[in-house]
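# Predicted structure and sequence below. I'll ask about it afterward.
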Amino acid sequence: MFFYFSHGLVGHRTPSNAADFSKPTVVVYYNVDYVRDTKGTNYVRNRILKIAKKLADENVNVGFAISNAEEFRHELNEYGIDDIKKDVKYVLGRGAADEKYKMSEDFTFELLEDFARKVANNDLEPYVKSQPIPEQTDDVKVVVGKNFNEIVNDKSKDGLIEV
């Protein structure tokens, strides 16, 4: 069994236990509230649990967690989500090598399952918070997040980065 099962198949991730969840992990951020809306919170969690059980039975190595979107506003900001809406579910993932993934489609449980499979298999383009790639016209290249690996890690050329 995987380490993340110490919090169950779909753990309630809080700021105090966030480091307990191993990767790859898919986290669904929404209005998790076990005080004022236990029924609503558990409804979403139980639907995710069905997906988690199905994938675990198929030996798909991915963990699941639920987190309160407001408590993890800083994480959502890392993925370019600045305006958190109360009735929206946000899905983010971390790959085995700590790659960041963001589900860009509107949330459905079917899309969540597909996203989790892709996170587990590393079949997604990692999310990089970046400015658009500028037009390159001369010998001096402008590096942004999206073209960093392509330019900086090109072993056929020497480079100097000015920050």
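Yep, that arrived.
# So which residues make contact with the longest helix along the chain?
In the chain, with assignment by DSSP state H, the single longest helix is helix 38-57. The contact list for helix 38-57, computed with Cβ atoms under 8 Å, 6 or more residues apart in numbering, reads 9-10, 12, 28, 30-34, 62-64, 66, 89, 109, 112-113, 116-117, 120. The way it works is simple: take the backbone N, C-alpha and C, and place the C-beta from them, glycine included.
# again, 7 Å this time
9-10, 28, 30, 32-34, 62, 64, 66, 109, 112-113, 116 (Cβ atoms under 7 Å, 6 or more residues apart in numbering).
# my guess is residue 69 contacts residue 76, does it?
Yes - judged on Cβ atoms under 7 Å, residue 69 makes contact with residue 76 at a distance of 6.4 Å.
# between the two, what contacts are shared?
Common contacts of residue 69 and residue 76 (Cβ under 7 Å, 6+ apart): 29, 84, 90.
# just those residues: which has the poorest pLDDT?
Least confident entry in the shared contacts of residue 69 and residue 76, by pLDDT: residue 84, with 93.
# That one belongs to a strand?
No - counting by DSSP: H, G, I helix; E, B strand; the rest coil, residue 84 falls outside a strand, being coil.
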